[in-house]
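Q: Prediction below, plus the sequence it came from.
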Amino acid sequence: MEKLRVAVIGCGNISVMHLDSIKAFDDVELVAVCDIKEDRAIAASQKYGGKVYTDYKKMFECEKLDAVNLCLPHYLHVPVAIDAFRAGINVLSEKPMSIKYEDAVKAVETAKECGVLYGVIFQCRYNAPSQLVKQRVMDGKLGPVKCGRTTLTWYRPDHYYDHSDWKGTWDKEGGGVIIDQAIHSIDLANWMIGSKPVEIQSTLHNRNHEIMVVEDTGEGLIKYENGALLSFYAMNNYLCDEPIEIRLLCENGKAIFSYDEAKVIYKDGSVETATNKPEDMFKYTGGKDYWGFQHAVQIRQFFNAVKGEEELEITGEEALKIQNIICQIYSNNDNPFK
């Protein structure tokens, strides 16, 4: 069996989720790792294998690659992805696609023109709680979502941003708590609603951070074409990471879920639950608890699609839906802290 030849670009914190996953797949070979900080690329190579590069364009020239996984600062996702597409390489990018909607659209169009696959990581969709709620919305047991709300109260102190050369900036991260943390919970609710947003109201504030210039608090309301309403609230001034909460009021009941558990309550009083079972959780060698355990599931699905065994599920086109919402949240406020 010929193995897929893949590389990882960006060997920072999130890369362990990709590198551990790739190492676990018998039909995938890690050919190379790339980072402008050579020490990080060397460390990744020593642990996982693969040739070391500090220039991804040289890597594209020297290596025959089927796919690359992008684990880069937000502002680099699109330019590196487009270069990969033009080299005939399939791309799986970390979220968000971009910090600008028009750039994300360009990436999707370029991938299509080049005839390659473009996937974007939204691993929380693969959690057992998310899967249960989505299934019950789609099969009619819950029925269409009428309204919902998402809540995120996490802790990101100033030193979280002080240790990074790109986080907490408009030009490199593209925002704060909304684009970096709340994007997942808003994506899940939007995925459940399954309709087109027609109006987005939002306000953003920096209430308690001195180092970063972007928002640490955001809230708003999204109105949908089918009449559904979604309220969202996010802040990272709390002193710990509380579980995110998504509540959906549906035609035939309601759902209350987080990344770890779901409770579906039907109008007849019956209840259905789901949790992430330990035996189903991929074991990573590092990473953060709040990244969850489902990167490996989505990465596996992407590689299956590259091999032609199934259709890619979270495509660039699909990811444009949440990208549009996130960018509208910011455009409503015209980056008020610049």
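A: Cool, got the structure. Numbers count the residues shown, from 1 in each chain.

Q: can you pull out the strands in the stretch 51-200 of the chain?
A: Per DSSP state E, counting those that start in this stretch, the stretch 51-200 of the chain carries strands over the ranges 51-53, 67-70, 90-93, 118-120, 145-153, 197-205.

Q: got a list of contacts for the third one?
A: Taking CB atoms under 8 Å, 6 or more residues apart in numbering as the criterion, the residues outside strand 90-93 that touch it are 18, 66-70, 77, 81, 84-85, 111, 116-121, 299, 302, 306. C-betas here are computed from N, CA, C, even on glycine.

Q: returning to that earlier point: any chance of the strands of the stretch 51-200 of the chain in JSON lines, plus mean pLDDT, distance to residue 159 and mean neighbour count?
A: Shown next, in JSON lines, are these (pLDDT from 0 to 100; distance: least, CB to CB, whole Å; neighbours: other CB atoms under 10 Å):
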{"stretch": "strand 51-53", "mean pLDDT": "98", "distance to residue 159": "30", "mean neighbour count": "18"}
{"stretch": "strand 67-70", "mean pLDDT": "98", "distance to residue 159": "26", "mean neighbour count": "27"}
{"stretch": "strand 90-93", "mean pLDDT": "98", "distance to residue 159": "27", "mean neighbour count": "26"}
{"stretch": "strand 118-120", "mean pLDDT": "98", "distance to residue 159": "29", "mean neighbour count": "27"}
{"stretch": "strand 145-153", "mean pLDDT": "98", "distance to residue 159": "19", "mean neighbour count": "20"}
{"stretch": "strand 197-205", "mean pLDDT": "97", "distance to residue 159": "21", "mean neighbour count": "16"}
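
Q: Kindly present these as CSV, with separate columns for distance to residue 256.
A: CSV is the format used below for those (distance: least, CB to CB, whole Å):
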stretch, distance to residue 256
strand 51-53, 46
strand 67-70, 33
strand 90-93, 31
strand 118-120, 27
strand 145-153, 10
strand 197-205, 23
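
Q: Out of those, flag the one nearest residue 329.
A: In terms of CB to CB, the element of the strands of the stretch 51-200 of the chain nearest to residue 329 is strand 197-205, at 4.4 Å.
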